[in-house]
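*Asks:* Mind looking at a prediction? Sequence and model below.
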Amino acid sequence: MSEELNVLINNAGISNAAAFDSFPDSNWSVMTTNVQRVFTLIQQLTPLLEKGHQSRGIGRVINVGSWSEAALTQDRDRVRHQHHQR
């Protein structure tokens, strides 16, 4: 039996919330998990997904992401407040 993969679901992510205007360089390490690791996993598993597509007509990648609503709401409200003060 040959190895094949029909569906890959990427559902890993981390957050290190910071305001847009004060986002520190150290937070870019979050991109390693949220973007680079997802890309690398897809890249490494593409041959197995192609085999799954050839044998069953299925070879899908599903990427799941989310945002921290609380952090976004606070940041959005702060930006609106600053804008109205101008």
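*Replies:* The structure has been received and is ready for your questions.

*Asks:* CA atoms for contacts and neighbours, from now on please.
*Replies:* OK.

*Asks:* can you give me the strands for the chain?
*Replies:* 7-10, 60-63 (DSSP state E).

*Asks:* any idea of the mean pLDDT in the last one?
*Replies:* Across strand 60-63, pLDDT averages out at 92.

*Asks:* same for it, what does it pack against?
*Replies:* Helices and strands touching strand 60-63, by 3 or more Cα pairs under 8 Å, 6 or more residues apart in numbering; DSSP states H and E, are strand 7-10.

*Asks:* Buried residues of the strand it packs on, list them for me.
*Replies:* Residues 8, 10 are the ones in strand 7-10 that count as buried (16 or more other Cα atoms under 10 Å).

*Asks:* which residues sit against it?
*Replies:* Strand 7-10 is contacted by residues 38, 42, 49, 58-64 when judged by Cα atoms under 8 Å, 6 or more residues apart in numbering.

*Asks:* Quickly run through the sheet partners of that strand, with directions.
*Replies:* For strand 7-10, the paired strands and their directions (DSSP bridges) read strand 60-63 (parallel).

*Asks:* how about the strand it pairs with: buried residues?
*Replies:* Quick answer for strand 60-63 (16+ other Cα under 10 Å): R60.

*Asks:* Would you mind writing the CA trace of that strand as CSV?
*Replies:* Coordinates of each C-alpha in strand 60-63 appear next as CSV, following Å, rounded to 0.1, in the frame of the first residue of the first chain:
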residue,chain,number,x,y,z
ARG,A,60,-7.1,19.2,-0.5
VAL,A,61,-5.4,21.7,1.9
ILE,A,62,-7.5,23.6,4.4
ASN,A,63,-5.9,26.4,6.3
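
*Asks:* Could you identify the most distant pair in the contacts of strand 7-10?
*Replies:* Maximum pairwise distance in those, criterion Cα to Cα, is 19.8 Å, between V38 and I58.

*Asks:* quick one: which of those two has more around it?
*Replies:* Neighbour count, other Cα atoms under 10 Å: between V38 and I58, V38 has more, with 18 against 14.

*Asks:* Much appreciated, bye for now.
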